[in-house]
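Asks: starting from these lines, generate the structure:
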Amino acid sequence: MTPPNRATKNGVLVRPTLEKLEQIYYRPLFDLIQESRRVFLEFWPKNEVQLCTLLSVKTGGCSEDCGYCAQSAHYNTGLQKERLMTTEEVMPVAERARQNGSTRFCMGAAWKGVRDGDPKFETMLETVREVSKLGMEVCVTLGQLGDIEARKLKEAGLTAYNHNIDTSPEHYKKIVSTHTFEERLNTIGSVQRAGLSVCCGGIIGMGENETDRLKMLEVLCSLDPEPESVPINCLTPIEGTPLAKTPPIDVFELVRLIATARIVLPKAKIRLSAGRDRLSREAQALCLFAGANSIFYGDKLLTASNPGVDDDRALLESLGLEPQAPYSDQAQPACKL
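Replies: So this is what the prediction gives:
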């Protein structure tokens, strides 16, 4: 079956162009949401949302100058630098996350990247091995890596690797100068070659325009295979960073992006991620209706605040939504391509 709004040529799936993405994105809002909901129900017919927990296992002191990040050593944000957590320190957090209903446990480390043989990489491999025994999906974001590191993470039991492209290739250079957009894609290539699922999305509200957001989607759709997981983050302005005074985006622009992502990436988990604490319950409900089917669950996302567990439970209950089983237990979404 060909995904909706996707054509084939000589049996090969044609990736959506920027022009096609604009046609989808700029249609009347109710028409867009109606189509995204139709696609959502075709591929994800159950009233479910995956709950994920994100833990910062190494906080602060990062050498990169990402303009949105509280953990960059280039900015004075008041964040205290912390060493890499040991496996013994991580495990109680992972176990508590599972008890609270999370089926995906994500770990993030603030550094440029990892290399085989580095003690910190060996520590992460051991942590992945132990967390994977809990039966949850295991995802990490450790910065840049190559084929060897990706393969070893896969062998250790890793489910997915997160490496966001953040924004369009053109806007990226305005946000980060210490690495390139192409380097992001190189790491994603290593992750794909290792057979790991790719978790890759972006951040909106960093001074980009709507075309930049659609160009980001165009890149995501060009990945082969496409991402299994697409986090959509709203910028959380941090005092001391270059983007501290950036105004919040219009919630309907967020809904449009989620709906468009659902239509062109029907099999992906669209994750309503950072910045959710700045959205009303009604705005979150609209995002979930338009196509998001995963949230990060817990009081904190790396260093940013997040809605409380009790608040999220109450929201899901009021919407009639249940926690989703781990993706690893589901060979594919309901509708196979």
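
Asks: please make it C-alpha for all contacts and neighbour counts, starting now.
Replies: Will do.

Asks: report the central residue of this protein.
Replies: P231 (2.6 Å; C-alpha atoms, centre = their mean).

Asks: list the beta-bridge partners for that residue.
Replies: R271 (DSSP bridges).

Asks: just the helices in this structure please.
Replies: Per DSSP state H, the chain carries helices over the ranges 18-25, 29-43, 87-99, 119-132, 147-156, 169-175, 181-193, 210-222, 251-264, 281-290, 309-319.

Asks: deepest of the ones you listed, which one?
Replies: Ranked by mean neighbour count, those are led by helix 251-264 with a mean of 23 (mean count of other C-alpha atoms under 10 Å).

Asks: next, the angle helix 29-43 makes with that helix.
Replies: Counting by axes from the mean of the first three to the mean of the last three C-alpha atoms, to 10 degrees, helix 251-264 lies at 40 degrees to helix 29-43.

Asks: so where's the chain shaky on pLDDT?
Replies: 1-13, 298-307, 326-337 (pLDDT under 70).

Asks: make JSON lines out of the helices of the chain and add distance to Q71.
Replies: Below are those laid out as JSON lines (distance: least, C-alpha to C-alpha, whole Å):
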{"stretch": "helix 18-25", "distance to Q71": "33"}
{"stretch": "helix 29-43", "distance to Q71": "35"}
{"stretch": "helix 87-99", "distance to Q71": "20"}
{"stretch": "helix 119-132", "distance to Q71": "18"}
{"stretch": "helix 147-156", "distance to Q71": "23"}
{"stretch": "helix 169-175", "distance to Q71": "14"}
{"stretch": "helix 181-193", "distance to Q71": "18"}
{"stretch": "helix 210-222", "distance to Q71": "24"}
{"stretch": "helix 251-264", "distance to Q71": "25"}
{"stretch": "helix 281-290", "distance to Q71": "27"}
{"stretch": "helix 309-319", "distance to Q71": "24"}
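
Asks: who wins for proximity to G67 among those helices?
Replies: Among these, the nearest to G67 by C-alpha to C-alpha is helix 169-175 (5.2 Å).

Asks: mind checking how far the closest one is from the chain centre?
Replies: Distance of helix 169-175 from the chain centroid (C-alpha atoms, centre = their mean, to the nearest Å) equals 19 Å.

Asks: now could you export just the CA positions of it as PDB?
Replies: These are the backbone C-alpha positions of helix 169-175, laid out as PDB (Å, rounded to 0.1, in the frame of the first residue of the first chain):
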ATOM      1  CA  PRO A 169      19.800  23.000   6.500                       C
ATOM      2  CA  GLU A 170      19.800  26.700   5.800                       C
ATOM      3  CA  HIS A 171      18.700  27.900   9.200                       C
ATOM      4  CA  TYR A 172      20.900  25.400  11.100                       C
ATOM      5  CA  LYS A 173      24.100  27.400  10.600                       C
ATOM      6  CA  LYS A 174      22.300  30.300  12.400                       C
ATOM      7  CA  ILE A 175      21.800  28.100  15.500                       C
END
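
Asks: can you offset everything so residue one is 341?
Replies: Right, with 341 as the first residue, what we last looked at is helix 509-515.

Asks: which elements pack onto it?
Replies: helix 521-533, helix 550-562 (3 or more C-alpha pairs under 8 Å, 6 or more residues apart in numbering; DSSP states H and E).
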